[in-house]
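Peer 1: just need the structure, nothing else, for what follows:
(chains A and B)
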Amino acid sequence: DAKTTQPPSMDCAEGRAANLPCNHSTISGNEYVYWYRQIHSQGPQYIIHGLKNNETNEMASLIITEDRKSSTLILPHATLRDTAVYYCIVNPNAGGTSYGKLTFGQGTILTVHP
Amino acid sequence: NAGVTQTPKFRILKIGQSMTLQCAQDMNHNYMYWYRQDPGMGLKLIYYSVGAGITDKGEVPNGYNVSRSTTEDFPLRLELAAPSQTSVYFCASRDPSGQGYGYTFGSGTRLTVV
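Peer 2: Numbers count the residues shown, from 1 in each chain, chains lettered A, B, ... in the order given. You can find the predicted model right below:
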């Protein structure tokens, strides 16, 4: 599985957009980019995923560069409850030898302050 | 509510004792996983299963055993507990026919070995 690089920590003011970057320069053509977050040692929570097109859902937007070597997770209006560790993971969709196993790095600690 | 249920939520074991961490899901997911998370670190895969009767080792399987007799249940067995197994354990499940998302995590079991 391709490895990812994320900044260890970021700050964001409440109500502003939080932009979390992720580098995945060795990503393969069949690998998706997933984002999960973990709030205060709870189980990780799925946020969004994408292959090569930009994606948006009720929680966030995912911007993937054209060469797919990096991506940005955008929380459009961050709240205090968005304070969490955010993990960027690349992984094949399903099947194959990886069987969808997730490889978690250190993630980015996002702190949203008033 | 549908999801992944882990029991117990907390447990203190003495060195050399054994225990089983229970994990059950009611979403009919074929794929199930056990991860551990040490303080300040990302999750590491212990074991996974792609269906009833089929299990395989992950990144850190030593000191653990699993079984998968039904689709719903995926217990993790600790034999001869050691202080190095003090961690938070997360179980997850996934529908491999889904489009990349569908990883659902339990709320975790916090284990301390003294």
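
Peer 1: and residue A:29, how far is that from chain B?
Peer 2: When distance is defined by CB to the nearest CB, to the nearest Å, residue A:29 is 15 Å away from chain B. All C-beta atoms are positioned from the backbone trio N, CA, C, and that covers glycine.

Peer 1: do the same with residue A:104
Peer 2: Between residue A:104 and chain B the computed distance is 3 Å (CB to the nearest CB).

Peer 1: can you check residue A:72 too?
Peer 2: Here the distance between residue A:72 and chain B works out to 18 Å (CB to the nearest CB).

Peer 1: then residue A:44?
Peer 2: Separation of residue A:44 from chain B (CB to the nearest CB) stands at 5 Å.

Peer 1: so where's chain A uncertain?
Peer 2: Within chain A, the stretches with pLDDT under 70 are A:1-2, A:93-100.

Peer 1: next, the contact list for the most centrally placed residue in it, please.
Peer 2: Against the mean C-alpha coordinate of chain A, by CA atoms, centre = their mean, the closest residue is residue A:35 at 3.0 Å. For residue A:35, the residues meeting the contact criterion (CB atoms under 8 Å, 6 or more residues apart in numbering or on different chains) are A:20, A:22, A:46-49, A:60, A:62, A:73, A:86-89.

Peer 1: so what touches the helix or strand hosting residue A:63?
Peer 2: When secondary structure is defined by DSSP states H and E, residue A:63 falls within strand A:61-64. Here strand A:61-64 makes contact (CB under 8 Å, 6+ apart) with A:33, A:35, A:48-56, A:70-74, A:76.

Peer 1: re earlier: can you redo the contacts of residue A:35 as JSON lines with secondary structure?
Peer 2: Listed next are the contacts of residue A:35 as JSON lines, based on DSSP: H, G, I helix; E, B strand; the rest coil:
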{"residue": "A:20", "secondary structure": "strand"}
{"residue": "A:22", "secondary structure": "strand"}
{"residue": "A:46", "secondary structure": "strand"}
{"residue": "A:47", "secondary structure": "strand"}
{"residue": "A:48", "secondary structure": "strand"}
{"residue": "A:49", "secondary structure": "strand"}
{"residue": "A:60", "secondary structure": "coil"}
{"residue": "A:62", "secondary structure": "strand"}
{"residue": "A:73", "secondary structure": "strand"}
{"residue": "A:86", "secondary structure": "strand"}
{"residue": "A:87", "secondary structure": "strand"}
{"residue": "A:88", "secondary structure": "strand"}
{"residue": "A:89", "secondary structure": "strand"}
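
Peer 1: buried ones among these?
Peer 2: Listed as buried from the contacts of residue A:35 are A:20, A:22, A:46-49, A:60, A:62, A:73, A:86-89; burial here means 16 or more other CB atoms under 10 Å in any protein chain shown.

Peer 1: ok, residues contacting whichever strand or helix holds residue B:32?
Peer 2: Secondary structure assignment for residue B:32, by DSSP H and E: strand B:31-37. By CB under 8 Å, 6+ apart, the surrounding residues in contact with strand B:31-37 are A:41, A:99-102, A:104, B:21, B:23, B:25, B:43-51, B:58, B:60, B:64, B:66, B:68, B:74, B:76, B:87-96, B:108.
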